[in-house]
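> Only the shape, not the letters, is given here:
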């Protein structure tokens, strides 16, 4: 593990170094951008391509428009339309099957030949996309039957259809073709199996204060199951993004009929991936029509035999049933967002799907593909708003709203690079070029403030290291902004510039850890964090809601339940240099500083069986509570079932002045079975006067084969 920011700390073998917190507000990173970052379209050199559908007052297509009848504006500046192509499938729609020309367009990510591109102007491109990870066997069988019905009875001579599945990997069973028999064979080859049994979105996490153990069926694991995405459902969204990249260079609109059992978001990281997926689809002229194959059915309260029963108070207060219903709606919200943001439509509660295919065929029948060379030759990476108008009375035009210009990062000035950070910070669209994970927690400072640690982890394999004089060097920029949820004003911010230099014998591609922090009063905030690797300008962003509760001074309360596998002493490292643009906090010591050293949070909450688990939390005591009678313990649930618990123990440290009791529990993980865990912390007064609860989660895996440990500490 390599650490980026080390004013005081040192590295034990294979571990990151903690850092001192930062707080602000310094001046904003950059000015607010002029335009919001809605859907993108692809740019090749300076040529901009944008599709537009033109209809009259009655909704009928207007054909045979001339280039001079179009007016295109970019950031309110007129552009010269250089090309107009009309894609119209109506000619082939009325032809006989025997008249169809045999055609196959491979999904290879390569630009098809010019003669094929001309033929595609008379075709309609449809993808039957089966998400095996989200559908139960009966749902998948219904989706397969629907696809067969379409291919046999509704497929038009103009339709070129592809069949794609996603299980452990994205698989193309049939490229775009009008060969009905080949397509039917591809659909029939899909079989219910383990991939279709991975997800059931009817369950939900327990409410605060409840000790409930819902079954974990593995739906939250991504395809590669790395520590950066093991706890979210991004793999379903990343599969759609990969499909968009695969069809990007095939001209024309691509309509994806997405058969799914729902996509549940498990955190803010999913929101970023959802927007990134929609952006990739927009750049590829791909519209997504999501079809919920769960259909219309009466949900069994508490779930059927496929999931574990609710336990403890959730069994009696109805919260398990409420969460079950909420999760169903959450999974549908994701489908609606994915469809609407890409120009498609979401379909729910249907037992018959003929209307889905009819709508796809109707909306893919006729549209114009306009091309123009942007008059703005700057490669500044800025958002450019596009407007399309036609000189036809009463005409209605549907078009994509804009695009991001290319950026020549290497020749950018220092001001341009600072502006890039500001644009990324203000953009509604996430940046996912640099893999990034962020962990936040909160610890009370007195009665009016909280310390919020910001712990970020980067995938070093995505970093471009420079080799100079036998060393490996890299430079990074980190920035964070916290905005008030109501006023949207910046209440705290930080920006750090960090350089890392590693000797060749110490260089290993291990995750990089950054640590900072902000001090905030109680309230509801929106945090945005970004990291940039300066050699290439690649950026990763992460957004999260921060809800810091108003302290209840008459009740015992707990801080965040922090999980770690590392405790560090204070020592500096000469291999990391930092220059901060934020103001240092007045906090002399961090709440994570204990008598044994500083606790370094495990950002991704992924542990191996050779490590120790360190659970740390604080209890905030009312004035009338006897701290000598305070006890706390942990309860572990593995894969949804009770596994073990620790005895109630006294606090490791009590500050009589601040009325803060700190608890630190260390457990070896060698005897824990591999799986996903919920850990519940329970603090009680011995007389039963008050109690407080908190929880967190983690994944336990076997250590990688042959994995060694390395340190960047020059003195080790």
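Thanks, I have the structure now. This is a predicted model, so every value here is computed, not measured.
> From here on, just use CA atoms for contacts and neighbour counts.
Noted.
> How about residue 515, nearest residue that isn't a chain neighbour?
Leaving aside its chain neighbours, residue 515 sits nearest to residue 455 (4.6 Å; criterion: CA to CA, 6 or more residues apart in numbering).
> Now residue 614: which helix or strand?
strand 612-620 (DSSP states H and E).
> which residues of the stretch 51-200 of the chain fall in strands?
70-74, 77-79, 81-88, 104-105, 124-131, 159-166, 170-177 (DSSP state E, counting those that start in this stretch).
> Pipe those into a markdown table and attach mean neighbour count and distance to residue 608 per row.
Formatted as a markdown table, the strands of the stretch 51-200 of the chain follow (neighbours: other CA atoms under 10 Å; distance: least, CA to CA, whole Å):
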| stretch | mean neighbour count | distance to residue 608 |
| --- | --- | --- |
| strand 70-74 | 17 | 53 |
| strand 77-79 | 15 | 57 |
| strand 81-88 | 18 | 55 |
| strand 104-105 | 18 | 45 |
| strand 124-131 | 25 | 30 |
| strand 159-166 | 24 | 28 |
| strand 170-177 | 19 | 28 |
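> closest to residue 683 out of these?
Evaluated with CA to CA, the strands of the stretch 51-200 of the chain place strand 124-131 nearest to residue 683, the distance being 43.1 Å.
> and the closest one, what other elements does it pack with?
strand 159-166, strand 170-177, strand 254-260 (3 or more CA pairs under 8 Å, 6 or more residues apart in numbering; DSSP states H and E).
> So what touches that strand?
Defining contact as CA atoms under 8 Å, 6 or more residues apart in numbering, one finds that strand 124-131 is touched by 89, 143, 147, 158-167, 176, 196, 236, 252-261, 360-361, 364-365.
> residues in contact with residue 367?
If you count contacts by CA under 8 Å, 6+ apart, residue 367 has them with 51-54, 86-88.
> Which helix or which strand is home to residue 633?
Going by DSSP H and E, residue 633 is part of strand 630-638.
> what's the offset of that strand from the middle of its chain?
Centroid displacement of strand 630-638 relative to its chain, using CA atoms, centre = their mean, to the nearest Å, is 31 Å.
> Likewise for stretch 348-367?
Computed by CA atoms, centre = their mean, the chain-centroid distance of stretch 348-367 equals 29 Å.
> Enumerate the positions of that stretch that are buried.
Along stretch 348-367, these residues count as buried under the neighbour rule (16 or more other CA atoms under 10 Å): 350, 353, 356-357, 360-361, 363-367.
> immediately after the helix or strand where the residue nearest to residue 515 lies, which helix or strand?
Taking DSSP H and E as the definition, one finds residue 455 inside strand 449-458. Next along the chain after strand 449-458, taking DSSP H and E as the criterion, comes strand 466-468.
> Summarise which helices and strands that following strand is packed against.
Against strand 466-468 (3+ CA pairs under 8 Å, 6+ apart) you get strand 471-484.
> ok, what's across the strand from residue 467?
residue 472 (DSSP bridges).
> Am I right that it is in contact with residue 473?
Yes. Using CA atoms under 8 Å, residue 467 makes contact with residue 473 at a distance of 6.3 Å.
> What is the neighbour count of residue 644?
Residues lying near residue 644 (other CA atoms under 10 Å) number 12.
> and if you look at residue 91?
Neighbour tally, residue 91, other CA under 10 Å: 12.
> do you know how far the closest residue to it other than its chain neighbours is from residue 248?
Using CA to CA, 6+ apart and skipping residues adjacent in sequence, the residue nearest residue 91 is residue 122, 7.1 Å away. Distance of residue 122 to residue 248, given as CA to CA, to the nearest Å: 18 Å.
> try residue 525
37 Å.
> that older thread, dump the strands of the stretch 51-200 of the chain to CSV, plus mean pLDDT.
Listed next are the strands of the stretch 51-200 of the chain as CSV, based on pLDDT from 0 to 100:
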stretch, mean pLDDT
strand 70-74, 93
strand 77-79, 92
strand 81-88, 87
strand 104-105, 88
strand 124-131, 93
strand 159-166, 92
strand 170-177, 90
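> Nearest to residue 487, out of those strands?
Closest among these, using CA to CA: strand 70-74, at 31.0 Å.
> Other residues contacting that closest one?
Contacts for strand 70-74 (CA under 8 Å, 6+ apart): 78-81, 374, 384-391.
> Among these, name the least confidently predicted one.
In terms of pLDDT, the weakest of the contacts of strand 70-74 is residue 384, which scores 77.
> Touching, residue 644 and residue 637? I think so.
Yes. Contact criterion CA under 8 Å: residue 644 and residue 637 qualify, at 7.2 Å.
> Give me the more crowded residue out of residue 122 and residue 248.
Using other CA under 10 Å, the more surrounded residue of residue 122 and residue 248 is residue 248, with 25 against 20.
> ok, the more buried one touching residue 254?
No. Look at residue 248 against residue 254 with CA under 8 Å: they stay out of range, at 9.1 Å.
> overlap in contacts of the two?
residue 285.
> Output the contacting helices and strands for the strand or helix carrying residue 667.
Counting by DSSP H and E, the secondary-structure element that holds residue 667 is strand 660-668. Other elements packing on strand 660-668 under the criterion 3+ CA pairs under 8 Å, 6+ apart are strand 612-620, strand 653-655.
> From the rest of the structure, what touches that strand?
609-621, 627, 632, 650-655.
> Buried residues in stretch 470-486, which are they?
Buried residues in stretch 470-486 (16+ other CA under 10 Å): 471-485.
> biggest separation within those residues, which pair?
Across those, no pair lies farther apart than 471 and 485, at 44.7 Å, counting by CA to CA.
> rewinding a little: which of the buried residues of stretch 348-367 sits closest to residue 669?
For those, the nearest to residue 669 is residue 350 (47.2 Å; CA to CA).
> What helix or strand is that closest one located in?
Using DSSP H and E, residue 350 sits within no helix or strand.
> what's the spacing between it and residue 77?
For residue 350, the distance to residue 77 - CA to CA - is 46 Å.
> picking up where we left off before, dump the helices and strands packed on strand 124-131 to CSV, plus distance to residue 538.
Shown next, in CSV, are the helices and strands packed on strand 124-131 (distance: least, CA to CA, whole Å):
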stretch, distance to residue 538
strand 159-166, 28
strand 170-177, 26
strand 254-260, 29
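> between the ones you listed, which gets nearest to residue 489?
Comparing the helices and strands packed on strand 124-131 under CA to CA, the one sitting nearest is strand 254-260, at 39.1 Å.
> Thanks again, I'm all set now.
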